[in-house]
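J.: Fold the following and give me the result.
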Amino acid sequence: MRLTVVGCSGSYPGPDSPASCYLLEAEHDDGTGSRTWRVLLDLGSGALGALQRYADPLAVDAVLLSHLHADHCLDLAGFYVLRKYHPHGPQPRIPVWGPVGTADRMARAYDLPVDPGMTEEFDFHEWDGPVQVGPFAVEPIAVDHPVPAYGLRVAADGATVGYSGDTGPCAGLDAVAKDADLLLAEASFRSGDANPPRLHLTGTDCGEAAARGRAQRLLLTHVPPWFDPQDALAEARAVYDGPASLARAGQVHDL
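T.: Numbers count the residues shown, from 1 in each chain. Purely as a prediction, here's the structure:
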């Protein structure tokens, strides 16, 4: 399994990166021959443009949305346009998983009538337990955020990526981190600041979750452009002894 960081800026696109989007790829034979399967973890503001550096968007097999804030889902509107009006003709529907109300939320984002909205381009599903997409076994885990939100565990080729989505410290985060080969965790806040509760993680929170869960590697992401990401990394390394690094747009991690 391969993880490519398409976008990792927190809350809105930064000067060096779009908002949240991560491309997972793995080989799989579904009975018609072996090929590379591709899923996206989130598709936030600005990510669709950058995605085209790493993969043909028409080769994406599914989109997995952690929650419905704009920096995690809004470029699905552009993806709708690409799939509907592509000169090769309308494209087959692909599945989109997300929280309750995802189809309606995305219709409103593009000022479409809710019926049909984007349902002729995307096959919308609401998180209600584990799902399988080609080689990817996906487990959604509810986490603590002001809107319905999920961390995601994605396993393929004997490896597991745990993705925090956006969350405050909670039992769901610990479940996402448990024995992950790579924990991709958002570090939006700094320790010592007057941070709102039940919203985001600090670098310390990420490091402690990785340590409790015995994650093999920690990759910090979603640092807002107004903060120095090195602060988050220093916090995490102070409490986590494993390899810890910062996500950067264009990074590739082979698991």
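
J.: isn't Ala234 right next to Gly203, touching?
T.: Yes: in terms of C-beta atoms under 8 Å, Ala234 counts as a neighbour of Gly203; the distance is 7.0 Å. In this view, the C-beta of every residue, glycine as well, is placed from N, C-alpha and C.

J.: All the strands of the stretch 1-150 of the chain, residue numbers only.
T.: For the stretch 1-150 of the chain, the strands defined by DSSP state E, counting those that start in this stretch cover 2-7, 21-29, 34-41, 62-64, 94-98, 122-126, 131-133, 136-142, 150-156.

J.: Any chance of TSV for the ones you listed, columns distance to Leu173, mean neighbour count and mean pLDDT?
T.: Shown next, in TSV, are the strands of the stretch 1-150 of the chain (distance: least, C-beta to C-beta, whole Å; neighbours: other C-beta atoms under 10 Å; pLDDT from 0 to 100):
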stretch	distance to Leu173	mean neighbour count	mean pLDDT
strand 2-7	19	24	98
strand 21-29	17	21	96
strand 34-41	16	19	97
strand 62-64	17	24	99
strand 94-98	19	21	98
strand 122-126	21	17	98
strand 131-133	20	15	98
strand 136-142	8	20	98
strand 150-156	6	25	98
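
J.: Put together JSON lines for those strands, with distance to His88 on each row.
T.: Putting the strands of the stretch 1-150 of the chain into JSON lines (distance: least, C-beta to C-beta, whole Å) gives the following:
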{"stretch": "strand 2-7", "distance to His88": "23"}
{"stretch": "strand 21-29", "distance to His88": "21"}
{"stretch": "strand 34-41", "distance to His88": "18"}
{"stretch": "strand 62-64", "distance to His88": "20"}
{"stretch": "strand 94-98", "distance to His88": "15"}
{"stretch": "strand 122-126", "distance to His88": "17"}
{"stretch": "strand 131-133", "distance to His88": "23"}
{"stretch": "strand 136-142", "distance to His88": "26"}
{"stretch": "strand 150-156", "distance to His88": "28"}
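
J.: When Ala234 and Gly203 are compared, which one has more neighbours?
T.: Comparing Ala234 with Gly203 by other C-beta atoms under 10 Å, the one with more neighbours is Gly203, at 31 against 14.

J.: Report the contact partners of the more buried one.
T.: 187, 190-191, 220, 231-236 (C-beta atoms under 8 Å, 6 or more residues apart in numbering).

J.: now with 7 Å?
T.: Residues in contact with Gly203, defined by C-beta atoms under 7 Å, 6 or more residues apart in numbering, are 187, 220, 231-236.

J.: Buried ones only from those residues, please, as a PyMOL command.
T.: The PyMOL command for the buried members of the contacts of Gly203 (criterion: 16 or more other C-beta atoms under 10 Å) is given here:
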select buried, resi 187+220+231+232+233+235+236
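
J.: any idea where the helices of the stretch 151-255 of the chain begin and end?
T.: Ranges of helices in the stretch 151-255 of the chain, per DSSP state H, counting those that start in this stretch, are 171-177, 203-213, 229-239.

J.: any idea which of these is most buried?
T.: Mean neighbour count (mean count of other C-beta atoms under 10 Å) peaks for helix 203-213 among the helices of the stretch 151-255 of the chain, with a mean of 24.

J.: how far off helix 229-239 does that one point, in degrees?
T.: Helix 203-213 runs at 40 degrees relative to helix 229-239, counting by axes from the mean of the first three to the mean of the last three C-alpha atoms, to 10 degrees.

J.: Just the CA coordinates for helix 203-213, please, in CSV.
T.: Presented in CSV, the C-alpha positions along helix 203-213 are these (Å, rounded to 0.1, in the frame of the first residue of the first chain):
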residue,chain,number,x,y,z
GLY,A,203,1.3,17.7,18.7
THR,A,204,1.4,16.4,22.2
ASP,A,205,-2.0,14.8,21.8
CYS,A,206,-0.9,13.1,18.6
GLY,A,207,2.3,11.8,20.2
GLU,A,208,0.5,10.4,23.2
ALA,A,209,-2.1,8.7,21.0
ALA,A,210,0.7,7.1,18.9
ALA,A,211,2.5,6.0,22.1
ARG,A,212,-0.6,4.5,23.7
GLY,A,213,-1.6,2.7,20.5
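
J.: Lovely, talk soon.
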